[in-house]
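Q: Here is the input, now give the coordinates:
(2 chains)
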Amino acid sequence: MSFDLKKMLESKRALRRDLAARPIAEKLRMLDDLRERALAIRAASPAQHGASVREEPPSYRKIENFK
Amino acid sequence: MRIREVIETINRMQADGIIDRYAIGGAVGATFYLEPVSTLDVDIFIAFRAQPQDSLISLEPVFDYLKARGCTMQDEFIVIADWPVQFLPATGLLLEEALRDSVTIDVDGVPAHVFTAEHLAAIALQTGRAKDKARLLQFVEAGALDAEQFQSILAQHDLTNMWNRFEKQFLTP
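A: Numbering: from 1, shown residues only, chains lettered A, B, ... in the order given. I've put the predicted structure just below:
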């Protein structure tokens, strides 16, 4: 097994291209599956509250510490 | 496929005259051009029928129609075929143009009206949240944009400076 980062990144890009090129009906079915998984993970995680994803603001306190 | 059921329901609602033109936006809209990215809801942009006597836009007819067909409300969403769907008025010059120029894409025999890739990218740039910037990067990296058309939209909606900043921040090595 090799850890050629360049090859790994190219492989990832190829996978994304392949996924993007799939028929739209198949991609929409993937969205259905992805959502089901996300909800299952959320239900299994006690740390999650509510149904919406929230983006946390940056921690300005940490930045102040560098002054 | 449940998103397909969402699209079929909205098409029926359009055929029944409850809404005029609509277009799918957000992550589901982007999936028509990019690889699928997990999302929890569907954004539907709609044009409202002109009601000169009303100054406020009301989604009541949409909700009444869907509730009468078994859909339920969940906060600001209405749940269709298990998907929370958010109806958003296409207000503002960019969204109005995006709705006008939206395209129809066949989903296994079901027509789906979707914003163009260039408009989705411009809307993401204008909205500017972290996830919108990530989506815009996806469009660029996938080569999914017609550069001339995208630049024209940016120029028309005064987004060129914002794009230059984005390019400098994320696309300059």
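Q: Find the helix or strand that residue B:104 is a member of.
A: strand B:103-107 (DSSP states H and E).
Q: what does that strand contact?
A: With Cβ atoms under 8 Å, 6 or more residues apart in numbering or on different chains as the test, strand B:103-107 has contacts from A:24-25, A:28, B:4, B:7, B:32, B:111-116. No exception for glycine: its C-beta is placed from N, CA and C like everyone else's.
Q: Name the strands paired with it and say parallel or antiparallel.
A: Take DSSP bridges as the rule and strand B:103-107 pairs in its sheet with strand B:110-114 (antiparallel).
Q: tell me the angle of the longest helix seen in chain B relative to strand B:103-107?
A: As assigned by DSSP state H, the longest helix anywhere in chain B is helix B:2-15. Inter-element angle recorded for helix B:2-15 and strand B:103-107: 130 degrees (by axes from the mean of the first three to the mean of the last three Cα atoms, to 10 degrees).
Q: give me the residue from chain B nearest chain A.
A: Chain A sits closest to residue B:35 of chain B, with a gap of 3.6 Å, by Cβ to the nearest Cβ.
Q: Check the secondary structure at that residue for me.
A: coil (DSSP: H, G, I helix; E, B strand; the rest coil).
Q: which bits of chain B sit near chain A?
A: With Cβ under 8 Å from any Cβ of the partner chain as the criterion, chain B comes near chain A at residues B:1-4, B:27-28, B:31-40, B:74-75, B:83, B:105-108, B:112, B:129-131, B:141-142, B:144.
Q: re the thing from before, on contacts alone, who are the packing partners of the longest helix of chain B?
A: helix A:24-44, strand B:22-25, strand B:42-46, helix B:60-67, strand B:77-80, strand B:83-89, strand B:110-114 (3 or more Cβ pairs under 8 Å, 6 or more residues apart in numbering or on different chains; DSSP states H and E).
Q: returning to what we had before: hmm, which of the residues of chain B next to chain A are the buried ones?
A: By neighbour count, with 16 or more other Cβ atoms under 10 Å in any protein chain shown, those hold B:1-4, B:27-28, B:31-37, B:39-40, B:83, B:107, B:112, B:142, B:144 as buried.
Q: Need the contacts of strand B:103-107 in TSV (columns: pLDDT and distance to residue B:23).
A: Listed next are these as TSV, based on pLDDT from 0 to 100; distance: Cβ to Cβ, whole Å:
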residue	pLDDT	distance to residue B:23
A:24	96	15
A:25	95	19
A:28	96	16
B:4	94	16
B:7	98	11
B:32	97	11
B:111	98	12
B:112	98	9
B:113	98	5
B:114	98	6
B:115	98	5
B:116	98	9
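Q: Show me what counts as buried in stretch B:142-159.
A: Neighbour-count burial for stretch B:142-159 [16+ other Cβ under 10 Å]: B:142, B:144-145, B:149-151, B:153-154, B:157, B:159.
Q: Extract the C-alpha set from that stretch and format it as PDB.
A: The C-alpha trace of stretch B:142-159 is given here as PDB (Å, rounded to 0.1, in the frame of the first residue of the first chain):
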ATOM      1  CA  ALA B 142     -16.000  20.500 -11.400                       C
ATOM      2  CA  GLY B 143     -15.800  22.900 -14.400                       C
ATOM      3  CA  ALA B 144     -19.600  23.000 -14.300                       C
ATOM      4  CA  LEU B 145     -19.800  26.700 -15.200                       C
ATOM      5  CA  ASP B 146     -19.900  28.500 -18.600                       C
ATOM      6  CA  ALA B 147     -17.400  31.200 -17.700                       C
ATOM      7  CA  GLU B 148     -18.800  33.800 -20.100                       C
ATOM      8  CA  GLN B 149     -22.300  33.300 -18.900                       C
ATOM      9  CA  PHE B 150     -21.200  33.300 -15.200                       C
ATOM     10  CA  GLN B 151     -19.200  36.500 -15.700                       C
ATOM     11  CA  SER B 152     -22.100  38.200 -17.400                       C
ATOM     12  CA  ILE B 153     -24.400  37.400 -14.500                       C
ATOM     13  CA  LEU B 154     -21.800  38.600 -12.000                       C
ATOM     14  CA  ALA B 155     -21.400  41.900 -13.900                       C
ATOM     15  CA  GLN B 156     -25.200  42.400 -14.300                       C
ATOM     16  CA  HIS B 157     -25.800  41.900 -10.500                       C
ATOM     17  CA  ASP B 158     -22.800  43.900  -9.300                       C
ATOM     18  CA  LEU B 159     -21.100  40.800  -7.900                       C
END
